[in-house]
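J.: fold the following.
(one chain, ligands or ions: 1)
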Amino acid sequence: MTLLVENIEDVRKSVAVARKAGKQIGLVPTMGALHKGHLSLVRRAAADGTFTVVSIFVNPTQFGPDEDIDRYPRPLEADLDVCRAEGVDLVFAPEPGEMFPGGFCTHVEVEGMGEVMCGALRPGHFRGVTTVVAKLFDIVQPDVAYFGRKDAQQGAIIRRMVADLDLPVAICMLPTVRDADGLATSSRNAHLAPEERCRALVLSRALKDAESMLRGGCTNADKIEQCVRKKVEQTEGVELQYVAVVDPDTLEPLQTVGEKVLVALAAMVGKTRLIDNVLLRDL
Ligand code: PAF
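T.: Model (predicted):
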């Protein structure tokens, strides 16, 4: 049975019971509109034998003033059906006032890493993410928290926060789930008109080219960046925001690619902002 809980106190009670029964706690933080990418996280948490908590919360603090939070999909009933079908133990779906009551003014910020790449285009976004994730970690006290590698920058920042604050939680990052045509799954894909969806495929294709260059032995980060940039910029209706060739842990730009590299990009396809990346280690 999947418990639906809206307040912090009840989450703490249920988690305490599960822990007393000897269970490890697994947390899958989400903003809902669950898709195949989320399911891979939920299934891994279940396969790890955890008491699996899925949080569904469209976090207002990670949206900028020009970003349309009201446009973010909120299909709560459908999400609950998915969680029930997957055997999730507890869904935490708080109202904004439960997470951020009046007078709330404490934030968690990972300096530097939250200001580059997506952070340069979305000031304050990662501060909102780390603040809500720190709160979720405190409320749920998970042994393991599961995130998708599609949000590679978010993952790197959360790993840094966990290390810096000595939070007793393991971060499990799982591979990006893609549709058969290569498009990375995202709640935002629902906004793409059919022709936009077709155009968006250039993103994963450009990253595939980058991957081939890397696997072929290219170590020149600039060449890799230019190759991705050229391919995306040639596509009508797709506006590239950035391409970054960086260290996946520190997000420091690379000039020469060593054993690990993250090639990440963001682009506007119509009014929809998409991100994708390729992560390579031990080339
Ligand atoms: O990746 C997301 O869906 C969100 O950024 C997260 C981690 C749930 C925080 O709101």
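
J.: going by C-alpha atoms from here, please, whenever you check contacts or count neighbours.
T.: OK.

J.: mind listing the helices for the stretch 101-250 of the chain?
T.: 118-121, 125-140, 152-164, 194-215, 221-233 (DSSP state H, counting those that start in this stretch).

J.: and the shortest one, does that touch the ligand?
T.: No - using CA under 6 Å from any ligand atom, no contact is recorded between helix 118-121 and the ligand, whose separation bottoms out at 12.1 Å.

J.: which strands and helices lie in contact with that helix?
T.: Contact here means 3 or more CA pairs under 8 Å, 6 or more residues apart in numbering; DSSP states H and E; on that basis helix 118-121 packs against no helix or strand.

J.: give me the contact list for it.
T.: M113, G114, H125, F126, Q153, A266 (CA atoms under 8 Å, 6 or more residues apart in numbering).

J.: identify the farthest-apart pair in these.
T.: Greatest spatial distance among those (CA to CA): M113 and A266, at 16.1 Å.

J.: which positions in the stretch 51-200 of the chain make contact with the ligand?
T.: So the stretch 51-200 of the chain meets the ligand at N59, V129, V133 (CA under 6 Å from any ligand atom).

J.: residues near the last one, how many?
T.: Read that as V133. Residues contacting V133 under the criterion other CA atoms under 10 Å number 19.

J.: for V108, list the residues it contacts.
T.: Contacts of V108 (CA under 8 Å, 6+ apart): R127, G128, T130, T131, A134.

J.: the first one: neighbour count?
T.: R127 has 21 neighbouring residues, counting by other CA under 10 Å.

J.: check the third one too.
T.: One way to gauge burial is a neighbour count; for T130, by other CA under 10 Å, it gives 23.

J.: now it. Nearest residue, chain neighbours left out?
T.: V108 (5.8 Å; CA to CA, 6 or more residues apart in numbering).

J.: can I get the contacts of V108 in JSON lines including pLDDT?
T.: Formatted as JSON lines, these follow (pLDDT from 0 to 100):
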{"residue": "R127", "pLDDT": "98"}
{"residue": "G128", "pLDDT": "98"}
{"residue": "T130", "pLDDT": "98"}
{"residue": "T131", "pLDDT": "98"}
{"residue": "A134", "pLDDT": "98"}
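
J.: dump these into a markdown table; add distance to R188 as well.
T.: As requested, these are exported to a markdown table (distance: CA to CA, whole Å):
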| residue | distance to R188 |
| --- | --- |
| R127 | 21 |
| G128 | 19 |
| T130 | 21 |
| T131 | 22 |
| A134 | 24 |
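
J.: partners of the closest residue to the ligand within the chain in the sheet?
T.: Relative to the ligand, the nearest point of the chain is T30 (3.7 Å; CA to the nearest ligand atom). Counting by DSSP bridges, T30 forms beta bridges with I56.

J.: residues in contact with it?
T.: Residues near T30 by CA under 8 Å, 6+ apart: H38, V54, S55, I56, F57, V58.

J.: one more: K150?
T.: P175, T176, A184, I275, D276, N277.

J.: go again using 7 Å as the cut-off
T.: Applying CA atoms under 7 Å, 6 or more residues apart in numbering to K150 gives the contacts T176, D276, N277.

J.: and it, how close does it get to P60?
T.: Per CA to CA, to the nearest Å, K150 is found 21 Å from P60.

J.: adding pLDDT as columns, could you present the residues of the stretch 51-200 of the chain next to the ligand in JSON lines?
T.: What follows is those, written out as JSON lines (pLDDT from 0 to 100):
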{"residue": "N59", "pLDDT": "98"}
{"residue": "V129", "pLDDT": "98"}
{"residue": "V133", "pLDDT": "99"}
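
J.: from the contact counts, what lies against the helix or strand containing S40?
T.: Element membership for S40, per DSSP states H and E: helix 36-47. When contacts are defined as 3 or more CA pairs under 7 Å, 6 or more residues apart in numbering; DSSP states H and E, helix 36-47 sits against strand 25-30.

J.: pLDDT on the strand it packs on, on average?
T.: Mean pLDDT, strand 25-30: 99.

J.: report pLDDT for the closest residue to R197 other than its chain neighbours.
T.: Leaving out its chain neighbours, the residue that sits closest to R197 by CA to CA, 6+ apart is N189, at 7.5 Å. We have a pLDDT of 95 for N189.
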